[in-house]
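*Asks:* what's the 3D shape of this:
(2 chains)
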Amino acid sequence: MVFATRRFDFSASHRYWRDDWSAEENERIFGKCTSPYGHGHNYALEVTITGTLDERTGMVMNMTELKAIVNEVLSEFDHRHLNEDTPYFKKLVPTTENIVRVLWRLIAAQLPAEARLVRLKLNEMDDLWAEYDGSDEATFTRSYVFRQHIACIRPR
Amino acid sequence: MSDAENLAIYDKCNNPNGHGHNYRVEVTVGGVVDTQSGMVMDLVTMDKRVRNLLDALDHRHLDREIAYFADKPSTAENIVVFLWHELAARFEGQLQHLKLYETRKNVFEYAGQ
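*Replies:* Residues are numbered from 1 along each chain as shown, chains lettered A, B, ... in the order given. Next comes the predicted model:
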């Protein structure tokens, strides 16, 4: 099985806020992301597909076609305020996990029959991303730095 | 192990005065996305739990100041397992994967198996 991945970049702003929660509750769960005017990110989306290799073309699907499909989907997101300018986050908080699941639905619906969407990885920042494979669960990863002094001596 | 064996295996890492690294650890948590918050785990809580551990380790001499390494060499393999045990206890079953970069070229992964 061959997996093919292409990376896409887009920029968007968003705000984490629930009207049905108190200001304190919003602040406690969402922290700085509650800022009333929203804030922006340079998102990076990695789209991974698989399928049977076409013997004639040597491809699962033409990556140029994948590029066109995903760019079309992302045109609704790029340089937009996700809460205000798209229909997807009126009731859904535009967290990385929710964005990646919305993108899954939109991209999967457009793929040709020979390609199957395997994984989406959405980086909100270099050190923060969510991954989704179409199942009931998603994962969320953050990268942390720490400094350490070590010796590497096997104790006797 | 004798001094000679230590030196043979650990080579430049066996400098008696120790050496340092800027470690980077990628912490992956998994689960159902909460219908209210839209999150697998809220970032404020996640940061607090991880920083609570890492701040206790930051700028320490692992071998001399952290009990877990009193009888184990502080290889990156042992460090990633140590971090797993510490973080798993804090994440109540949601910890899914750890990826520890000792340097940009040395990477170690552990998922509790």
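*Asks:* show me the contacts for A:Gly134.
*Replies:* Taking CB atoms under 8 Å, 6 or more residues apart in numbering or on different chains, we find A:Gly134 in contact with A:Trp104, A:Ala108, A:Leu117. Placement of C-beta: from N, CA and C, glycine included.
*Asks:* by neighbours, which of those wins?
*Replies:* Using other CB atoms under 10 Å in any protein chain shown as the neighbour test, the contacts of A:Gly134 are led by A:Leu117, with 21 neighbours.
*Asks:* coming back round to it: in strands, which of the contacts of A:Gly134 appear?
*Replies:* Within the contacts of A:Gly134, residues falling in strands by DSSP state E are A:Leu117.
*Asks:* adding pLDDT and distance to chain B, write the contacts of A:Gly134 out as CSV.
*Replies:* Rendered in CSV, the data for the contacts of A:Gly134 read as follows (pLDDT from 0 to 100; distance: CB to the nearest CB, whole Å):
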residue, pLDDT, distance to chain B
A:Trp104, 98, 12
A:Ala108, 98, 17
A:Leu117, 98, 18
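*Asks:* dump the contacts of A:Gly134 into TSV; add distance to B:Val107 as well.
*Replies:* Listed next are the contacts of A:Gly134 as TSV, based on distance: CB to CB, whole Å:
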residue	distance to B:Val107
A:Trp104	28
A:Ala108	31
A:Leu117	27
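*Asks:* list the buried ones in stretch A:17-28?
*Replies:* Neighbour-count burial for stretch A:17-28, counted by 16 or more other CB atoms under 10 Å in any protein chain shown, picks out A:Trp17, A:Arg18, A:Trp21, A:Asn26.
*Asks:* with that, I have no additional questions.
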